Each structure stands twice: as C-alpha cells, then as structure tokens.
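*Asks:* here is a sequence together with a model predicted from it:
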Amino acid sequence: MSLAQDKWHGTTILVVKRDGVTAMGGDGQITLGNVALKHGAQKIRTMRDGQVLAGYAGAAADAMALFERLEGKLEEYAGNLQRAAVELVKLWRTDRVLRRLEAMLVVADRDTILLISGAGELIRPDDPVLGIGSGGPYAEAAARALIVHSGMSAPEICRAALEIAARLCIYTNDNITVQTLE
C-alpha cells in the first residue's frame with residue numbers, strides 16, 4: 001500500500017485469511033522515537049463477542065478511542081463490519097476532535113478484511129492478506145510468499161510472517177500475539 005506507513009513506527013499488524021480461518025497477529029513493541037519502551041503490548045483485540053478482530057498502528061490512546069467508537073458502530077449496525085467501518089470513517093473525517101487522532105486500524109471478520117484510516121481510507125484488499133505499521137510491508141510480503149509456497153494454516157502463516165518482519169524491522173519485536181476466527 002502506498003499509504004504513509006513510514007509514519008507509523010513501533011508496530012506491525014498482519015491479518016491472513018486461509019481455508020475459512022482468519023488470523024490476526026501483532027508484535028508487542030511500543031516505541032517512542034528510537035527507544036523501545038515496552039515489549040509485551042497487546043495491539044489486537046476481539047470485538048462483538050469474538051466475531052471481529054481489530055488491530056492498530058499509531059498512537060495507542062488514539063487507537064483505543066477508535067476501537068471504542070467502532071464497537072459502538074458494530075452494535076448500532078448489528079455486527080455488520082462493512083457498514084460499521086463506513087460509518088466510523090465518516091465520523092472520523094467529520095468530527096473535529098477525531099480528525100486529529102493518529103492511528104490506523106485493520107479489522108476483520110470471517111468474510112471481510114478492512115483497513116481504516118483517518119485520512120478517509122476504507123480499503124478492502126484484493127487478496128486475503130494485509131499488513132500495517134512500520135513492519136507491515138515486510139510481514140505482508142512474507143505472508144504472501146507463504147500462502148503461495150506452503151501448506152501452512154492462517155495462524156501459522158501469520159506468526160511466521162511476523163517473525164520474519166521482526167528480524168527486518170527495528171520497530172517490530174518477536175513478542176507476537178495471534179488470534180483467530182474460524
């Protein structure tokens with residue numbers, strides 16, 4: 001993706017869909033400038049009673065505010081992720097306070113993967129893989145190769161690709177969390 005991902009330091013989030021399973025993983029590093037402040041952060045959460053996975057890159061407090069609003073939209077639209085995401089983007093773009101939030105979200109359910117940003121992007125990737133954050137392109141490239149050249153499951157691909165990203169990206173560590181939807 002040609003979004004300004006080099007702006008989002010300190011995280012890598014990856015989502016992979018394969019054989020009816022959606023896996024989302026993230027590293028645990030929180031970075032301030034060139035210092036790693038935390039190594040075991042949880043950047044992925046489940047929503048809607050485990051039916052939706054969400055991860056973030058960018059400012060943690062901003063992402064938590066967006067997660068809260070997304071959960072509200074999921075309730076308002078009976079779990080319809082696509083509709084909830086559209087409404088979140090509209091709110092994000094038009095609300096004076098929300099417009100200043102510096103985060104990017106990737107959300108997924110059993111059918112859909114979406115990238116949501118404050119710049120107004122709501123992107124559904126063509127392929128069943130999406131990476132965000134400073135290590136996102138590394139993890140996404142590794143996942144694409146593993147999808148084509150291995151028989152690994154979605155969670156296995158997600159973990160292996162994040163481990164590869166951790167070896168390449170100085171803002172990504174190998175304290176990896178992977179959650180799945182089946």
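*Replies:* All right, it came through fine.
*Asks:* all helices for this protein, in order.
*Replies:* All helices of the chain, identified by DSSP state H, fall at 60-76, 81-94, 136-149, 154-168.
*Asks:* out of the ones you listed, the one nearest K17 is which?
*Replies:* helix 154-168 (6.2 Å; CB to CB). (Glycine included, C-beta is placed from N, CA and C.)
*Asks:* list the buried residues in stretch 23-32.
*Replies:* Neighbour counts over stretch 23-32 (16 or more other CB atoms under 10 Å) mark A23, M24, G25, G26, D27, G28, Q29, I30, T31 as buried.
*Asks:* relative to A142, which of those residues is nearest.
*Replies:* Of the buried residues of stretch 23-32, the one sitting nearest to A142 (CB to CB) turns out to be G25, at 11.7 Å.
*Asks:* surely the closest one meets D174?
*Replies:* No. G25 lies out of contact with D174 (CB atoms under 8 Å); the separation is 11.3 Å.
*Asks:* need the overlap of contacts for those two.
*Replies:* Listed contacts common to G25 and D174 are L162; contacts here mean CB atoms under 8 Å, 6 or more residues apart in numbering.
*Asks:* circling back to that earlier point, just the helices of the chain: most buried one?
*Replies:* helix 154-168 (a mean of 22; mean count of other CB atoms under 10 Å).
*Asks:* pull the residues that contact that one.
*Replies:* 12, 14-19, 21-27, 131, 135-136, 138-140, 142-143, 146-147, 150, 152, 172-174, 176, 178, 180.
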